[in-house]
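Trainee: Could you work out the structure for the sequence below:
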Amino acid sequence: MIDQTNLIYCAGVQSAPPGFLRLAGHPLRWRLLTELARTDRQVRELTGLLGQPQSLVSYHLGQLRAGGLVSARRSSADGRDSYYRIDLARCRELLAETGLAIHPGLGPGPGMKDQPAGAVRARTRVLFLCTGNSARSQMAEAILGQLAGDRVEAASAGSRRQGSKPLHPEAVRVMCEHGIDISGRRSKHLEEFAGQRFGFVITLCDRVREVCPEFPGHPQLIHWSIADPAGEADARAAFRRVAAELRTRIGFLLARIGV
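Mentor: Numbers count the residues shown, from 1 in each chain. Next comes the predicted model:
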């Protein structure tokens, strides 16, 4: 005779929800994930947005970090603060695994359908900002241009007022590894773009975020807390890491724009 108790037990084990669902399914953690999917945030900002005590927010951020969905980096503007960011690539992997755990037909589906023939879509303008416009923002502008082509207009600038700063040679070298030549580009001050309209303004430096001016048209303001690779001992490796992170983040940005 079949042991019904064992059958029930085995069925329960097999039907236990994947770890991603148990982790992300908590209402407060879900709100944290959705907010961090938009922009990097500090704990005090998340506390204000969610209307919850800092101890509770910090606890759930710790749970998300332990699960590999969220990471933290010390702010370069104020070392007492940290910026939290979501690992969207990891979330995508876990969501795909979650779908497959239910049914093979819930795995990754076909990509977005092409627009109808003759459809005209206004180009989205994206402005990347850092301090000197000599590395991170220039790399981001170049990568976005490569990935989106003429479907998105990318620009970059810096907040430094002490004259133009030449492009960092490692930024030029690493972009060449990605098939992009930025050697002829110049550093620009953000005042060159004053009064212009953008769909997205993305700060890549914690210091620039503190002084980012307002732009007309209410663009979406996004912060990506990325350390300055020029300050690393192994500059080449640091610039390669930044390029890889920018390529991943920009890929998700394009999905958000709808390109």
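
Trainee: How many neighbouring residues does residue 181 have?
Mentor: Residues lying near residue 181 (other CB atoms under 10 Å) number 10. In this view, the C-beta of every residue, glycine as well, is placed from N, C-alpha and C.

Trainee: likewise residue 228?
Mentor: Counted with other CB under 10 Å, residue 228 comes out at 20.

Trainee: what residues are up against residue 38?
Mentor: Residue 38 makes contacts with residue 222, as judged by CB atoms under 8 Å, 6 or more residues apart in numbering.

Trainee: Make sure residue 60 is actually in contact with residue 30.
Mentor: No: counting by CB atoms under 8 Å, residue 60 does not reach residue 30; the two are 9.8 Å apart.

Trainee: Which residues does the strand or helix carrying residue 256 contact?
Mentor: Residue 256 belongs to helix 235-257 when assigned by DSSP states H and E. For helix 235-257, contacts defined as CB under 8 Å, 6+ apart pick out 88-89, 124, 126, 135-136, 139-140, 143-144, 147-148, 152, 168, 170-171, 173-175, 177-178, 199-200, 202, 222, 224, 226-227, 229-230, 232.

Trainee: Make a ChimeraX selection of whichever of these turn out to be buried.
Mentor: Buried residues within the contacts of helix 235-257, by 16 or more other CB atoms under 10 Å, are selected in ChimeraX with:
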select :88,124,126,135,136,139,140,143,144,147,148,152,168,170,171,174,175,178,199,200,202,222,224,226,227,229,230
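
Trainee: So which of the contacts of helix 235-257 are in helices?
Mentor: Within the contacts of helix 235-257, residues falling in helices by DSSP state H are 88-89, 136, 139-140, 143-144, 147-148, 170-171, 173-175, 177.

Trainee: What is the most widely separated pair among those residues?
Mentor: Greatest spatial distance in the ones in helices among the contacts of helix 235-257: 88 and 173, 27.4 Å, computed using CB to CB.
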